[in-house]
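**Student:** Please work out how this folds:
(2 chains)
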Amino acid sequence: MSKVRVRFAPSPTGGLHLGGVRTALYNYLFAKKNNGDFVLRIEDTDQTRYVEGAEQYILDCLNWCGIQPDEGPHTGGEYGPYRQSERKNIYREYAEQLVKSGHAYYAFDTPEEIESLRETLKAQGKYNVQYDFQNRLNMRNSLSLPPEETEELLKINFPHVIRIKMPRNEYVHFQDMIRGKIEMPTDGVDDKVLLKADGMPTYHLAVVVDDYLMKITHAFRGEEWLPSAPVHVLLWKYFGWEKHMPHWAHLPLILKPDGNGKLSKRDGERLGFPVFAMEWNDPKNGVVKGFKELGFMPEAFINMLALLGWNDGTEQEIFSLEEMIEKFSMDRVHSHGAKFDFEKAKWFNHEWIKKSDVERLRPDVKKILEGNGVSIDDEPKLDKIIELVKERCTLLNDFWPQASFFFITPTEIDTASILPKWNENKTQFFVELIRTYSLMNSWNINDIEHSFKELAAASRLKSGELMLPFRVMLVGGKFGPGVFDISALLGKEETLKRIEHTLSIMK
RNA sequence: GGCGCGUUGGUCAAGGGGUUAAGACGCCUCCCUUUCACGGAGGAAUCACGGGUUCGAAUCCCGUACGUGCUACCA
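**Tutor:** Now for the predicted structure:
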């Protein structure tokens, strides 16, 4: 059994969306589970769609997700180059080999001619508007033209493509690791272009040539490739590489939450959630935020993604990368698409924040605070704050609204929520509280709480009724961890300052 | 239109001939907490529909409906 080798082969045409990352992830999990190699191959054969920076961006995303390729354009490896544009010269000979063996042919039709073919067919009311066995002999190609003419056209370098000659009335069988046996009629597929007029291969030629040359053993890709799978299987056969053909698996699609269609790059804005892993700065359309910028932890992001279409059969939902590698298996991947649910995605993140320790969270939280103009000089204090606040944070970015009051004295005090039950006795209590606290020479949770309650009892007030006002004074609103925890961390001076401030505006 | 793939609560899903049809998210009620959150208890599907096969079907078969993908010199 040869070493397992899989590849993730994105086109550098824009941001990497959920489906793309999940495909990469499943490839990675499968490879690592089987001690195999995870190859990154850049499929940049369409120069018209090439987008500057997209390749580096893909790499950054994989890196953020923690699924680095073992081989690829930036990592190197013995099967390079890993960019198809840099492999341009190797495809032509393979395409020509197919022409020689009679499985492909030269086609000289101009785009206009093909367009008119379509029009004609449509006008005739034909349903299958394709370049295929039914009409290829009416077109300009090496099958319909006399050999000399083909020769001549090739000699003068007349623009041409090489098309596969799809067999008529045959069935292609292959095994899909998710769907089992698949049988598809060849008639439904047109004579796909293999080599374009510009000399670049299309996906169809490039995948099989590269998968063969790169010794790929398992080919996992989106379900949208299923209809053209017969082309690929046939190609493996025509090249005589059948025994090396990879095992296929066609991954289910990730669908829009509101039905109709697979999740696309545009849905993010429309529905108010990100579809990209990381912020993508599109040269044309501007900046689009990603899961990372929204405050997702990569651990949660890939965990959520993996569970969208796979589970290990138990009730477990939270998995680390290592656990997923251990538990992953392709036959537990679903054969049907799943609607993306942003609420559930956030739940995964919340779970990860709760289970992460301070060491893991500290750098991220620090960055967020610094991004809001707060510099951290007291790390032990920061750690306590993180511990106190993390279960209230669904996204990492929530650390700011949840903890900012520890660093910045709140300017907006939600007095409206305490005013209705406010009275002179309470004012008196807090005036007394200031005096009591001023005299304390230790400042810890127990003492703060004890003094508070003692004074409340002495004032014949319920301490419960006083805690909300106290909280609002310290925090600015009705949220946050225990009041006494907050006060202890804030320090005596700051606590007194905040009580005084609120008292002054309550007058 | 053709061809392919799919269909268990609003969503993600377990379950693959005999189960009270797991669990999670979200929602609702309650408890805990005189904040928010966490945590805890509880509530709501008869498995798209119609036919078979079978003593027995969510589970097997066939149709229909619906969804979704492909139908480019894009991937």
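
**Student:** How is chain A partitioned into domains?
**Tutor:** For chain A, automatic domain parsing gives the domain ranges A:1-71+A:252-352, A:87-208, A:358-506.

**Student:** and RNA strand B, which of those is closest to it?
**Tutor:** The minimum distance between RNA strand B and the domains of chain A falls on domain A:358-506, with 0.9 Å, by CB to the nearest atom of the strand. (Glycine included, C-beta is placed from N, CA and C.)

**Student:** Tell me how many other residues surround A:Asp132.
**Tutor:** Applying other CB atoms under 10 Å, we find 19 residues neighbouring A:Asp132.

**Student:** ok, now A:Ile216?
**Tutor:** Residues lying near A:Ile216 (other CB under 10 Å) number 25.

**Student:** related to what we said a few turns ago, as TSV, the domains of chain A with distance to RNA strand B and mean pLDDT would be great.
**Tutor:** Putting those into TSV (distance: least, CB to the nearest atom of the strand, whole Å; pLDDT from 0 to 100) gives the following:
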stretch	distance to RNA strand B	mean pLDDT
domain A:1-71+A:252-352	3	94
domain A:87-208	3	93
domain A:358-506	1	94
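
**Student:** Out of the ones you listed, the one nearest A:Gly80 is which?
**Tutor:** domain A:1-71+A:252-352 (7.6 Å; CB to CB).

**Student:** Could you tell me which residues make contact with A:Leu62?
**Tutor:** Each residue near A:Leu62 by CB atoms under 8 Å, 6 or more residues apart in numbering is listed here: A:Phe8, A:Ala24, A:Leu40, A:Gln68, A:Pro69.

**Student:** So which of these are in strands?
**Tutor:** Counting by DSSP state E, those place A:Phe8, A:Leu40 in strands.

**Student:** Which of the contacts of A:Leu62 has the largest number of neighbours?
**Tutor:** Most neighbours among the contacts of A:Leu62, by other CB under 10 Å: A:Ala24, with 28 neighbours.

**Student:** Just give the closest residue to that residue, not the sequence neighbours.
**Tutor:** A:Phe8 (4.3 Å; CB to CB, 6 or more residues apart in numbering).

**Student:** if I pick that neighbour, what's in contact with it?
**Tutor:** A:Phe8 sits next to A:Thr23, A:Ala24, A:Asn27, A:Tyr28, A:Phe38, A:Val39, A:Leu40, A:Arg41, A:Leu62, A:Pro69 when contact means CB under 8 Å, 6+ apart.

**Student:** thought the first one was touching A:Arg221?
**Tutor:** Which is A:Thr23. Yes. Between A:Thr23 and A:Arg221 there is a contact under CB atoms under 8 Å: 6.6 Å.

**Student:** got any residues that touch both of these two?
**Tutor:** Joint contacts of A:Thr23 and A:Arg221 (CB under 8 Å, 6+ apart) are A:Leu251.

**Student:** ranking the domains of chain A by burial, who's on top?
**Tutor:** domain A:1-71+A:252-352 (a mean of 18; mean count of other CB atoms under 10 Å).

**Student:** Show me how far that domain is from its chain's centre.
**Tutor:** Centroid separation between domain A:1-71+A:252-352 and its chain, computed with CA atoms, centre = their mean, to the nearest Å, is 4 Å.

**Student:** same thing with stretch A:446-464?
**Tutor:** 51 Å.

**Student:** Only C-alpha atoms, please: export it in PDB.
**Tutor:** The C-alpha trace of stretch A:446-464 is given here as PDB (Å, rounded to 0.1, in the frame of the first residue of the first chain):
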ATOM      1  CA  ASN A 446     -14.000  38.800  51.600                       C
ATOM      2  CA  ASP A 447     -13.400  42.000  53.500                       C
ATOM      3  CA  ILE A 448     -15.100  44.100  50.800                       C
ATOM      4  CA  GLU A 449     -18.200  41.900  50.900                       C
ATOM      5  CA  HIS A 450     -18.200  41.500  54.600                       C
ATOM      6  CA  SER A 451     -18.000  45.200  55.300                       C
ATOM      7  CA  PHE A 452     -20.600  45.900  52.700                       C
ATOM      8  CA  LYS A 453     -23.100  43.500  54.200                       C
ATOM      9  CA  GLU A 454     -22.400  44.500  57.800                       C
ATOM     10  CA  LEU A 455     -23.000  48.100  56.900                       C
ATOM     11  CA  ALA A 456     -26.200  47.200  55.100                       C
ATOM     12  CA  ALA A 457     -27.500  45.300  58.200                       C
ATOM     13  CA  ALA A 458     -26.600  48.300  60.400                       C
ATOM     14  CA  SER A 459     -28.500  50.600  58.100                       C
ATOM     15  CA  ARG A 460     -31.400  48.200  58.100                       C
ATOM     16  CA  LEU A 461     -31.300  47.800  54.400                       C
ATOM     17  CA  LYS A 462     -31.300  44.600  52.300                       C
ATOM     18  CA  SER A 463     -27.800  44.100  50.900                       C
ATOM     19  CA  GLY A 464     -29.400  42.600  47.800                       C
END
